[in-house]
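Visitor: Structure, please.
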Amino acid sequence: MLYRPLHPDDQKIVGRWLARVVAFYLLLGLIVVAIVAVRVNFIDPQIAAMKRGKSTYVPQASRLDRLASAFSAMAAESPGMAECALPDRRLVAAIESRREAQDVLEDRLGEVFSAAMKARAACEAGNFGEALAIYESIVVAPPNP
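Guide: Modelled structure (predicted):
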């Protein structure tokens, strides 16, 4: 025989350790599931908007802020991009304030966001004059009563 049987007291200790190890791995599994659920974002705002019949999608304010921050970081890399960063940041702030006030239709905010993306694309392509003209033409305001 290669091993001898455990004493009953030792068997209890091994049983307790086995229970602890199983509980640890169950807890670890729950944490992994929670992290995956948060990272995957099961309730995608774009899918929810499509189910409601909305044709356009307006990102959440935090996503807009991240986009603006990324654009500002890109502006620091290129001297010409700095010209576009300030109007872009102002536009993002205006979109966020209108969204919080809920006085502009989401479809209109979607159009404004699309125009902002065109201005960013023009800026990235080096067409700074065109980009600034697009930024100046964008109006984020509540509809007239």
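Visitor: Which segments of the protein make up each domain?
Guide: Per the record, the chain has its domains at 9-42, 52-137, by automatic domain parsing.
Visitor: Any chance of those domains in CSV with mean neighbour count, distance to L2 and mean pLDDT as columns?
Guide: Any C-beta I mention is one placed from the backbone N, CA and C, and that applies to glycine too. Listed next are the domains of the chain as CSV, based on neighbours: other C-beta atoms under 10 Å; distance: least, C-beta to C-beta, whole Å; pLDDT from 0 to 100:
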stretch, mean neighbour count, distance to L2, mean pLDDT
domain 9-42, 10, 17, 85
domain 52-137, 16, 60, 73
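Visitor: Assign a three-state SS to the residue nearest to R98 when sequence neighbours are not counted, would you?
Guide: Sequence neighbours aside, V104 is the residue nearest to R98 in space, at 4.4 Å (criterion: C-beta to C-beta, 6 or more residues apart in numbering). With DSSP: H, G, I helix; E, B strand; the rest coil as the basis, V104 sits in coil.
Visitor: Confirm for me that V104 is in contact with A141.
Guide: Yes: V104 lies in contact with A141 (C-beta atoms under 8 Å); the separation is 7.4 Å.
Visitor: Could you name every residue contacting both of the two?
Guide: Residues touching both V104 and A141 by C-beta atoms under 8 Å, 6 or more residues apart in numbering: R98.
Visitor: give me the number of residues near V140?
Guide: With neighbours defined by other C-beta atoms under 10 Å, the count for V140 comes to 22.
Visitor: Backbone torsions only: list them for the nearest residue to it once chain neighbours are set aside.
Guide: Using C-beta to C-beta, 6+ apart and skipping the chain neighbours, the partner closest in space to V140 is A94 (4.3 Å). A94 adopts backbone torsions of phi -70, psi -40, taken as degrees, to the nearest 10.
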